[in-house]
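Asker: Quick one: sequence plus predicted model below, questions after.
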Amino acid sequence: MADLNQIRSSIERAVSSRLTQQADQFRKEVIEQVLREIEPLLASSGASGPAQSLPVSSVSGILSSTISAIQASTVQADILKALLEGVSKFSARTALFVVRGTALAGWQARGFADDNIRGLTLDGSKGLAARAIQGRDRVSGAATEFDAAFVQQHGAPADRNAALFPLVVRDKVAAILYCDTGSKAGFPTDFSAIEVLARYTCLWLELAAGKKTSGPQVAESSAPASPSSASARTSSTAPTASLDAGPEVGNQSADEQELHNKAQRFAKLLVDEIKLYNQSKVAEGKQNRDLYRVLREDIEKSRATYDKRYGGTPVAPARYFDSEIVRILADNDRSLMGSDFPA
């Protein structure tokens, strides 16, 4: 008689393969639907900068090809490179800076006379950068409000303005995307399209991080000790979405490790859903430091779902559901859950 574990393993592989095929098709359909939805918006809004806009058909084509390139990438560096390539079609100059505390560490750029900005460290605690990080939304203003020394070194944009797009991954601003119209007027600029790409990239970074439990990682150097002028150079820094690895699970077999990974991913999925459908309650609970009281019903329903699947397994003591509740809903601050939180 065939071993039950072998049968289960075969079934899981078959189901996983089928779901992957379905997911790929679903993603393609989502991309097409998104493009159809935003096409009239792009047509009516035109370019967000002073330059002439691209034809809507060209915008849709660039968005589609860029989203496909992002989707085909699983490593953070490749995802961000695909983003920069796409953004360079809508902005004469663009640069990606990784947020390291109050510092912005240069990573890669497109369209500048010198695209090598690795090691470049700017102050992100003031001006446009601070506004983008605090507001978690696109900001525009005089380019010198971003960094006067940076503008002086690379040349001011023709209209003297710049736009910053924060990349928010797992509720943290992981990077800042700088865009301007270039030193010569006339480049077709579309900041609305860039915003679409930036938001899709954030979603894909989260998805890629959730799917990947091992394999190549984007190298991360230590954060710069302090912000300096645009001419300062430090050790190279590659971007990361500041993704945490979750609770330690010790030395286990491959099967045990996979069970832990699945349990943590399932817990994250459940808590993400709570946050998605209760954003106002989450904000209220954080402000009043009583998240559990406000979301008790949703939390306990999801906890029951998690326990039904993993409560009787070896991963139960790891309490992944409680960990994800605190991490995702309370930004790793347990006190925001309130005194009646049972974890």
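Answerer: On my side now, so go ahead. Worth saying up front: this structure is predicted, and the values here are computed from it rather than measured.

Asker: Okay, domains of this structure per the record?
Answerer: What automatic domain parsing lists as the domains of the chain is 19-211, 254-337.

Asker: Which of those has the highest mean neighbour count?
Answerer: Of those, the one with the most neighbours on average (mean count of other C-beta atoms under 10 Å) is domain 19-211, at a mean of 19. C-beta: built from backbone N, CA, C; applies to glycine.

Asker: all strands of the chain, in order?
Answerer: For the chain, strands defined by DSSP state E occupy the ranges 93-100, 103-110, 121-123, 139-142, 161-169, 172-180.

Asker: Please convert the ones you listed to CSV, extending it with mean pLDDT and distance to Gln71.
Answerer: Shown next, in CSV, are those (pLDDT from 0 to 100; distance: least, C-beta to C-beta, whole Å):
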stretch, mean pLDDT, distance to Gln71
strand 93-100, 94, 19
strand 103-110, 93, 20
strand 121-123, 93, 31
strand 139-142, 95, 28
strand 161-169, 94, 16
strand 172-180, 94, 19
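
Asker: Distance to Asp340 for those - can I get that in TSV?
Answerer: Formatted as TSV, the strands of the chain follow (distance: least, C-beta to C-beta, whole Å):
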stretch	distance to Asp340
strand 93-100	35
strand 103-110	39
strand 121-123	42
strand 139-142	39
strand 161-169	30
strand 172-180	27
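
Asker: nearest to Val59, of these?
Answerer: Minimum separation from Val59 across the strands of the chain (C-beta to C-beta) falls at strand 172-180, 15.4 Å.

Asker: Check which helices and strands that closest one is in contact with.
Answerer: In this structure, strand 172-180 packs against helix 76-87, strand 93-100, helix 127-135, strand 161-169, helix 191-211, with contacts taken as 3 or more C-beta pairs under 8 Å, 6 or more residues apart in numbering; DSSP states H and E.

Asker: Dump those to CSV, plus distance to Cys179.
Answerer: Output for the helices and strands packed on strand 172-180, formatted as CSV (distance: least, C-beta to C-beta, whole Å):
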stretch, distance to Cys179
helix 76-87, 7
strand 93-100, 5
helix 127-135, 11
strand 161-169, 5
helix 191-211, 6
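
Asker: which of the ones you listed has the lowest average pLDDT?
Answerer: For the helices and strands packed on strand 172-180, mean pLDDT drops lowest on helix 191-211, to a mean of 82.

Asker: With only the CA atoms kept, save that helix in CSV.
Answerer: The C-alpha trace of helix 191-211 is given here as CSV (Å, rounded to 0.1, in the frame of the first residue of the first chain):
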residue,chain,number,x,y,z
PHE,A,191,3.8,61.3,-13.6
SER,A,192,0.4,59.6,-13.4
ALA,A,193,1.8,56.6,-15.3
ILE,A,194,4.8,56.6,-13.0
GLU,A,195,2.6,56.4,-10.0
VAL,A,196,0.8,53.4,-11.5
LEU,A,197,4.2,51.7,-12.0
ALA,A,198,5.4,52.6,-8.5
ARG,A,199,2.3,51.2,-6.8
TYR,A,200,2.4,48.0,-8.8
THR,A,201,6.1,47.6,-7.9
CYS,A,202,5.3,47.9,-4.2
LEU,A,203,2.7,45.2,-4.5
TRP,A,204,5.0,42.9,-6.5
LEU,A,205,7.8,43.4,-4.0
GLU,A,206,5.5,42.3,-1.2
LEU,A,207,4.3,39.3,-3.2
ALA,A,208,7.8,38.3,-4.2
ALA,A,209,9.0,38.5,-0.6
GLY,A,210,6.0,36.4,0.5
LYS,A,211,6.7,33.7,-2.1
